[in-house]
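> this one's sequence-less:
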């Protein structure tokens, strides 16, 4: 008797649930429309400058409402019964919708790519030998005074006497761009001093004098630069002079990663490119004060191994660096930056991005 009574109760409950299913669907449908209309009406009242956010909000509201209505109906229809535990979980999820929406934007920004304003950019993790971010990495572009890193390497490869005196010659003057230099013709420094001025302050006449005093002269120096580029696997790189004033000196961000990595193996290049200031005695005993063209070398929060800037009209503002960020060796290449300070701003944005994000090496970000 008890079993029959229990069976009747269960049967009656099942019929009640089944009979109420169409009504529940209608209620869910009306509720979905009301919520959708409310979302659209609320979004329409927002200022016009937030048009993009309006679209996202409306789309998200409609998507969530439809998904919830479908899921709720599915729960009711399952075997003619209402799974209480699953329904409770569903209600909990719905109650957290607003919280999920609030944190989704912050999560997106933490994992998104850095917003860079250089036309060409590459962030390379030396530890995993993997790019973390690329933006036009294979575009061939003029590299301006970034050239001087290769000039320095081939000069040092020749194992010259770094104490040998080198004088600035008329041939070292800029006949391409007509740029100014504080190194007057006849100024004499050691090869080491010339190397330091060429690297830390991007002194063009110093770089020209280094190439001219290379065994075999400037022609031989440029030939050695191109040969070393090929040896390093820089397949899209070519050099025509040792200063970078020639806009035909071109490369790609991928190639420059290889050049910067090679330059980091030279202790003098590390020392000279990260020197913040340097004074020398010019003609007639006049003191010449030079500053590094990359102000980040003076910033204590940066641990820079190699730094070189570059600029000519054809190349825009350029910057390459090897640095330690979050105890990881990283190479940064920024070419053709629009404004005077854009390359520095981009470098700081990259540092902040790496420090504040869980950058997944396997997931390359592209600009």
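Okay, I see it. Only a predicted model underlies this, so the values are computations on that prediction, with no experimental measurement involved.
> Mind splitting the protein into its structural domains?
Under the assignment automatic domain parsing, the domains of the chain span 2-111, 118-366.
> For the first one, give the mean pLDDT please.
When the per-residue pLDDT values of domain 2-111 are averaged, the result is 41.
> Quick check: nearest residue in space to residue 323, chain neighbours excluded?
In space, and not counting its chain neighbours, residue 323 is closest to residue 304: 4.8 Å by C-beta to C-beta, 6 or more residues apart in numbering. Quick note: C-beta positions are derived from backbone N, CA and C, even for glycine.
> quick check, that neighbour in a strand?
Yes. Counting by DSSP: H, G, I helix; E, B strand; the rest coil, residue 304 is found in a strand.
> Can you check what pLDDT the model gives it?
98.
> Please look at it and residue 274 and confirm they touch.
Yes. Between residue 304 and residue 274 a contact is recorded at 5.3 Å, counting by C-beta atoms under 8 Å.
> Quick check: neighbours shared by the two?
Residues touching both residue 304 and residue 274 by C-beta atoms under 8 Å, 6 or more residues apart in numbering: residue 297.
> Which one's more surrounded, those two?
For residue 304 versus residue 274, neighbours defined as other C-beta atoms under 10 Å are more numerous around residue 274 (23 against 19).
> Who are the contact partners of residue 202?
Counting by C-beta under 8 Å, 6+ apart, the residues that residue 202 touches are 145, 148, 293, 308, 309, 310.
> burial measure for the fifth one, as a count.
Which is residue 309. 25.
> and the nearest residue to it once chain neighbours are set aside, which of the three is it?
Of all residues not flanking residue 309 in the chain, residue 293 sits nearest, at 4.3 Å (C-beta to C-beta, 6+ apart). Secondary structure, three-state DSSP: residue 293 is coil.
> returning to what we had before: distance check, the residue nearest to residue 323 against residue 173.
Residue 304 is 31 Å from residue 173, where distance means C-beta to C-beta, to the nearest Å.
> Same check on residue 345?
Distance from residue 345 to residue 173, by C-beta to C-beta: 33 Å.
> which helices and strands does the helix or strand where residue 189 lies pack with?
Per DSSP states H and E: residue 189 is located in strand 188-190. Identification of packing neighbours for strand 188-190 by 3 or more C-beta pairs under 8 Å, 6 or more residues apart in numbering; DSSP states H and E yields strand 165-167.
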